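Student: Structure for the following, please:
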Amino acid sequence: MSDIPRRAVTRSAKLASLPLGFAGRTALGLGKRTFGRPAEAVALEVQRRTADQLFRVLGELKGGAMKVGQLLSVFEAGLPEEVAGPFRASLTRLQEAAPPMPVATTHRVLAENLGEDWRDHFLEFDDDPAAAASIGQVHKAVWHDGRAVAVKVQYPGAGKALMSDFNQISRLSRLITPLFPGVEVKPVVADLKRRLEKELDYDDEARAQSAFHAAYDGDPDFVVPAVVAQSGHVLVTEWLDGTPMSKVIAEGPQELRDRAGLLLFRFLLSGPARCELIHIDPHPGNFRMLDDGRLGVLDFGGAARVPAELQWSIGRLLRIGTLGSPEEMVQAARDEGFLAPDGEVNAEEWAAVVSAHSYPFTTETFHYTREWMRQETTRGFTIATDMRPGGLARQLRLPPQYMAVARALTSCGGVLCQLEAEGPFRAEAERWLPGFTTTNAS
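Tutor: Below you'll find the predicted structure:
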């Protein structure tokens, strides 16, 4: 496997190649349109070539670039099939794999954080990483008490590389936006940057994972590995076997896909109710389906707090979005800060935007599909991105307290569409969201 491009000049050059490539493809598209090709065909070709370069370059890098690639891969379900199809396999690899760092470097990080006698903590330690991700890699080992453990080792200089990547990536929204219509890339990337600063702190991650483990210990549906040890840039947790969610997406039978989707949704909604925390990085690489039917959950570096009052507000908004009138939807959105307080808003247009998110909860059973996501993305966000004077986009806001939850639930919806999952999702909302049921709402 090729060396990881670590030097700032190399990384910047690779990221800088993206907007340059986009400019070239746009010029090519204009030229072809001049010679009579339909605008739609030209746009599709530009989109296809842009996606190809984007995911190829992001996949070659670690740090913020790869993390953004993982995030965007969740939204591939909203791309036209002609574009999404050829990249699905490569996106799955992006979620599950990355080049490892040298063994000597791994040993150095372990010695710096666990002490020169770090090997005394383990009966066995596999130098070949079991998984590699955006800011660290995981090794399988046997702890001194005989437990199989996962040893998460952060890449040296990961923090500096992350910030360097984000300075570059923040300039790429013009490139990314045409690939994912309706996704507000700039605030998502800004929130991702704040969250990644937290993910670099393995002490913070250990506290969050311990809270989730305590909340779900002995649960019949979920397994959260216990934290075994943590020091500096090394985190040791219990090992978790199972089928990666990406494999379930790629080749799992429909019954397994349905169960995986329902459990993923249940876990995200139940976390705030059980421990006032939500897992906000639900890309497929962070989940495993165990042989006994439970869902195993990994990587709690991005957990965010969801206090009781915010849980109630989310439930109330969802109830109004499914049962309320367009006028009630507008008023609720103003109350929570999603719309400018004094701007003129077409209630029917706002209702069309809301329905893209609330429709799955208007029926007892809903089937998430890629086609549904594409239709809703196009229908709702064509309205929401209208920047003309008086357009709805000029009235839109995303309150800071909702940023983490919005990211988690939007990403979850993307995974459910990748799974093509069908299930009683409304019942889960009724079970876990105070304010969603009539009896709890006021």
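
Student: contacts, neighbours, all on C-alpha from now
Tutor: OK.

Student: low-confidence ranges in the stretch 301-442 of the chain?
Tutor: Counting by pLDDT under 70, the stretch 301-442 of the chain contains low-confidence ranges at 377-390, 438-442.

Student: change it to 80
Tutor: Scanning the stretch 301-442 of the chain for pLDDT under 80 picks out 302, 356, 374-394, 396, 398, 438-442.

Student: Which residue ranges of it form helices?
Tutor: With DSSP state H, counting those that start in this stretch as the criterion, the stretch 301-442 of the chain has helices at 308-323, 326-336, 347-358, 370-384, 400-419, 425-432.

Student: so which of the ones you listed gets nearest residue 203?
Tutor: Nearest of those to residue 203, taken as C-alpha to C-alpha: helix 400-419 at 20.0 Å.

Student: which strands and helices sit next to that closest one?
Tutor: When contacts are defined as 3 or more C-alpha pairs under 8 Å, 6 or more residues apart in numbering; DSSP states H and E, helix 400-419 packs onto helix 63-74, helix 185-199, helix 245-251, helix 254-275, helix 370-384.

Student: Just give me the lowest mean pLDDT stretch among those.
Tutor: Ranked by mean pLDDT, the helices and strands packed on helix 400-419 bottom out at helix 63-74, which scores a mean of 54.

Student: ok, back up a step: give me whichever of the helices of the stretch 301-442 of the chain is most buried.
Tutor: helix 400-419 (a mean of 22; mean count of other C-alpha atoms under 10 Å).

Student: Please report the distance of the closest residue in space to residue 279 that isn't next to it in sequence from residue 254.
Tutor: Of all residues not flanking residue 279 in the chain, residue 303 sits nearest, at 4.7 Å (C-alpha to C-alpha, 6 or more residues apart in numbering). Separation of residue 303 from residue 254 (C-alpha to C-alpha, to the nearest Å): 29 Å.

Student: Which one's more surrounded, these two?
Tutor: residue 303 (26 against 15; other C-alpha atoms under 10 Å).

Student: Break this structure into its domains for me.
Tutor: For the chain, automatic domain parsing gives the domain ranges 8-95+160-195, 103-157+199-238, 243-442.

Student: remind me which residues of the stretch 151-300 of the chain are low pLDDT?
Tutor: For the stretch 151-300 of the chain, the stretches flagged by pLDDT under 80 are 158-199.

Student: if you set the cut-off to 50 instead, what comes out?
Tutor: Across the stretch 151-300 of the chain, residues meeting the criterion (pLDDT under 50) sit at 180-183.

Student: circling back: switch the helices of the stretch 301-442 of the chain over to a markdown table; also include distance to residue 241.
Tutor: A markdown table is the format used below for these (distance: least, C-alpha to C-alpha, whole Å):
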| stretch | distance to residue 241 |
| --- | --- |
| helix 308-323 | 32 |
| helix 326-336 | 42 |
| helix 347-358 | 33 |
| helix 370-384 | 29 |
| helix 400-419 | 20 |
| helix 425-432 | 26 |
